[in-house]
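Colleague: One predicted model, sequence on top.
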Amino acid sequence: MKKILFSLIVLLAGLGLGGGAALGTLMILGPRPAHAESKAAEDADAAMAFVPVDKLLAPLVTADGRLTGYVQFQFTLEVPEDKAPDVTKRLPLLLHAINMRTFKTPMAAGPDGMVPGLEQFRKVVEAAAPEAFGAGVVRKVAITQATPS
């Protein structure tokens, strides 16, 4: 009788500890929200297009506000395929928004300040895109060329 009672206690303790561990893991990591799964499926299903932007001349400014030169950028915007024609039409608005930000954004890198900081330029384009096209239209910015002038 003691062996059966001992086995039953060990079984219940094991179930309790295992269930507690599972509950703790669920509380820490949490379940994946249902809307995140559907959004990921929508993003995967949406066809994307690339809109090229050729030859944008931007000033290279150091952190202290000194102009060290100019750089010519070429980049591509990844947008939903159905919005690509609208984005192409509104590119002048994007270029204007970028120009209004580049003169006050320090993008000069390197010892002489003549090397452009690509990550800073990418952030400038990502910040200007919602102003020109609306929120969530531009998914990624790919800088294809940067040439100091």
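Modeller: Looks like it arrived, so ask away.

Colleague: what's the burial count for Pro130?
Modeller: 13 (other C-beta atoms under 10 Å). C-beta coordinates here come from the backbone N, C-alpha and C atoms, glycine included.

Colleague: Contacts only, for it.
Modeller: The contact partners of Pro130, taken as C-beta atoms under 8 Å, 6 or more residues apart in numbering, are 136-138.

Colleague: and with 10 Å instead?
Modeller: Contact analysis of Pro130 by C-beta atoms under 10 Å, 6 or more residues apart in numbering lists 97, 136-138.

Colleague: quick check: longest helix of the chain.
Modeller: For the chain, the helix with the greatest residue count under DSSP state H is helix 2-29.

Colleague: Show me the shaky parts of the protein.
Modeller: Residue ranges of the chain with pLDDT under 70: 32-45.

Colleague: got the residue ranges for the strands in it?
Modeller: 48-61, 67-80, 108-109, 115-116, 140-148 (DSSP state E).

Colleague: Name the residues of the last one that are buried.
Modeller: What it means is strand 140-148. The neighbour-count check on strand 140-148 (16 or more other C-beta atoms under 10 Å) flags 141, 143, 146 as buried.

Colleague: That one versus strand 48-61: what angle between them?
Modeller: 40 degrees (axes from the mean of the first three to the mean of the last three C-alpha atoms, to 10 degrees).

Colleague: Packing partners of strand 140-148?
Modeller: Where contact means 3 or more C-beta pairs under 10 Å, 6 or more residues apart in numbering; DSSP states H and E, strand 140-148 is packed against strand 48-61, strand 67-80, strand 115-116, helix 118-133.

Colleague: same thing with the third one?
Modeller: Taking 3+ C-beta pairs under 10 Å, 6+ apart as the contact definition, the neighbouring helices and strands of strand 108-109 are strand 48-61, strand 67-80, strand 115-116, helix 118-133.

Colleague: okay, those in a markdown table with distance to Thr105 next?
Modeller: Below are the helices and strands packed on strand 108-109 laid out as a markdown table (distance: least, C-beta to C-beta, whole Å):
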| stretch | distance to Thr105 |
| --- | --- |
| strand 48-61 | 7 |
| strand 67-80 | 12 |
| strand 115-116 | 11 |
| helix 118-133 | 5 |
